Structures are given as structure tokens and as C-alpha cells.
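**Q** Sequence and predicted structure below; questions after.
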Amino acid sequence: MIDTRLKAVSKYVVGERLLDVGSDHAYLPIYLIEQNKIKYAVAGEVVKGPFENSKSNVKGYKFDDKIDVRLGSGLSVIQKDEQFDTITICGMGGPLIASIIKEGISYLNNTPRFVVSSNVYGESVRREMANLNYKIISEEINFYNNKFYELIVFEYGEDDLSDLEFKFGPINLKDRTNLFLLKLQKDKEHLQHIKSQIEQSSKKTDKLEEITNDINLINQVINHEY
Ligand SMILES: C[S@@+](CC[C@H](N)C(=O)[O-])C[C@H]1O[C@@H](n2cnc3c(N)ncnc32)[C@H](O)[C@@H]1O
């Protein structure tokens, strides 16, 4: 039931209490309870359909006393004085994950670990978390269903990242895994395709310069020039 991407996320969950934001089907909390890795979870969902799915899956596993499924947006499902050891936010774009954390930070009653898995623009999350005084302790790239995911683990504490590290990830840049380099190659091909479309159209926008810069940065990383 749980896919390889969420299994990768599960490795980084610490402590007894988990909040899974945007739980959809509640697969991640169910898996972690089954594995005895956590004792209790809240599965938060903002949309009624996925919320009902989560509820019926949790009921099917008879985990009603261990997983509380709540309808609400982002971190607003956290109740007064409630604390979590880990918060997971997975399967969304980086900007959405960043805005969920930014808008909900005042609901936190402690400084939990955050484990996020974004399908685009992980940079937004890195920048937002640095603003909130969270540092990166782990990163990996996952490939699932023909898509790349950036898994990033944050803990409370100071960090000092360069622009290149915000964009590509400090640990990705150090580790240079095959999946990371493959993702860069795919991103580069995608940008080159958009660039040639813009060049062929009559409207030359500022976008062209931005895309050319991004391609140059990707080349710099692929060629290990940093
Ligand atoms: C693509 S699914 C990912 C589900 C699961 N986390 C996973 O990785 O397989 C994204 C889920 O996040 C939910 N979602 C989006 N914005 C949300 C928010 N602000 N608060 C809670 N859930 C949200 C959506 O309704 C959807 O069910």
C-alpha cells in the first residue's frame, strides 16, 4: 500500500507523535503505527473527500484510538498545547508546503522535526524554513511514478546557506547521488525545451534570461564547478 517515496519519508520520522499534513489516504501514519515506529498520529486533511478516505482507512485498520483524522488546513489542526515530534508534509509543490508552514507556524507548541517531500521547487521550502530558523539535516531525491521528489529533513537550529545551496540543496550538492544528477539532467532538458519555444515565438520576455540563468546554474552543478 505505501509507496517507495513515502517509505523513504518514514525513515526520517522520529519520536512517538506524528502530524501528517495533507494525509489524503492516511497511508503514512497507518504504516508507521503498523511498524510500531510511532505511538500516535494526527492525519490532517483540508478536502472532505480525502478526509473521508483517511477516516475509513484508519477505521479499516482499527487504528481509531491511535490515529486522529482531522479536517482542517495545514497546521491549524494542532490543538492548544498539543506537541508533535515530527511533522510530515508530502506530495505537494514546494511553494504550497512553504505557505502551509509559514501560515501555520503560530499553531506550533514546540519545535518538531519537519520531513517534507516536494515534487517541484524545493527551494521555496528551504528559504521559508531558514526564515523560521530551521536547518537542513538530511536530503535525498526519490523517483516515483515518473516524477522526482525532493525529500528534505529540517530540525530547529541555525543554518547559513548560499543561493546555490538554497536552490539545489546543501546535502544534494555534497552527495551528488545518481538520482540527483539525473533530476538535474531532466530539469535542464525541460528548461531547454521551454527556452526554444520562447525563442521561436515573437514575444521575447524576461523569462528567457531567467531560464538561461537557470540552465547555466544546472550546468555548473552537473560539471561540479562549485
Ligand atoms: C497529492 S496529495 C499527497 C498525499 C500524501 N501526503 C502523499 O504524499 O501521498 C496532497 C494532499 O494534500 C491536501 N492538501 C492540500 N493543501 C492542504 C492544506 N493546506 N492543508 C491540509 N491538506 C492539504 C490535498 O487535499 C491532498 O489530499
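**A** Thanks, I have the structure now. Residues are numbered from 1 along each chain as shown.
**Q** residues making contact with the host helix or strand of E189?
**A** Taking DSSP states H and E as the criterion, E189 maps to helix 178-200. Contact with helix 178-200 is made by 140-143, 148, 168, 172, 204-205, 207-208, 211-212, 214-215, 218-219, 221-222, as judged by CB atoms under 8 Å, 6 or more residues apart in numbering. (C-beta placed from N, C-alpha, C; glycine too.)
**Q** 7 Å instead, please
**A** With contacts defined as CB atoms under 7 Å, 6 or more residues apart in numbering, helix 178-200 is touched by 141, 143, 148, 172, 204-205, 207-208, 211-212, 214-215, 218, 221-222.
**Q** Endpoints of stretch 101-112, how far apart?
**A** In stretch 101-112, first residue to last residue: 12 Å (CA to CA, to the nearest Å).
**Q** from the chain's centre, how far out does stretch 10-29 sit?
**A** Chain-centre distance of stretch 10-29: 12 Å, with CA atoms, centre = their mean, to the nearest Å.
**Q** For the protein, identify the residue most remote from the centre.
**A** Centroid-distance maximum for the chain: S202 at 37.3 Å, with CA atoms, centre = their mean.
**Q** out of the contacts of helix 178-200, which are inside strands?
**A** I141, F143, F148 (DSSP state E).
**Q** Any chance of a PyMOL selection covering the buried ones in these?
**A** Buried members of the ones in strands among the contacts of helix 178-200, defined by 16 or more other CB atoms under 10 Å, are picked up in PyMOL with:
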select buried, resi 141+148
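**Q** pLDDT and distance to the ligand added to the ones in strands among the contacts of helix 178-200, as a markdown table?
**A** What follows is the ones in strands among the contacts of helix 178-200, written out as a markdown table (pLDDT from 0 to 100; distance: CB to the nearest ligand atom, whole Å):
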| residue | pLDDT | distance to the ligand |
| --- | --- | --- |
| I141 | 98 | 15 |
| F143 | 97 | 14 |
| F148 | 97 | 14 |
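**Q** Can you add distance to G44 and give the ones in strands among the contacts of helix 178-200 back as a markdown table?
**A** Shown next, in a markdown table, are the ones in strands among the contacts of helix 178-200 (distance: CB to CB, whole Å):
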| residue | distance to G44 |
| --- | --- |
| I141 | 26 |
| F143 | 27 |
| F148 | 25 |
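**Q** Return the closest of the ones in strands among the contacts of helix 178-200 with respect to H25.
**A** F143 (20.7 Å; CB to CB).
**Q** Chain neighbours aside, what residue packs nearest to that closest one?
**A** L179 (5.9 Å; CB to CB, 6 or more residues apart in numbering).
**Q** Give me the pLDDT for the one you found.
**A** pLDDT recorded at L179 is 98.
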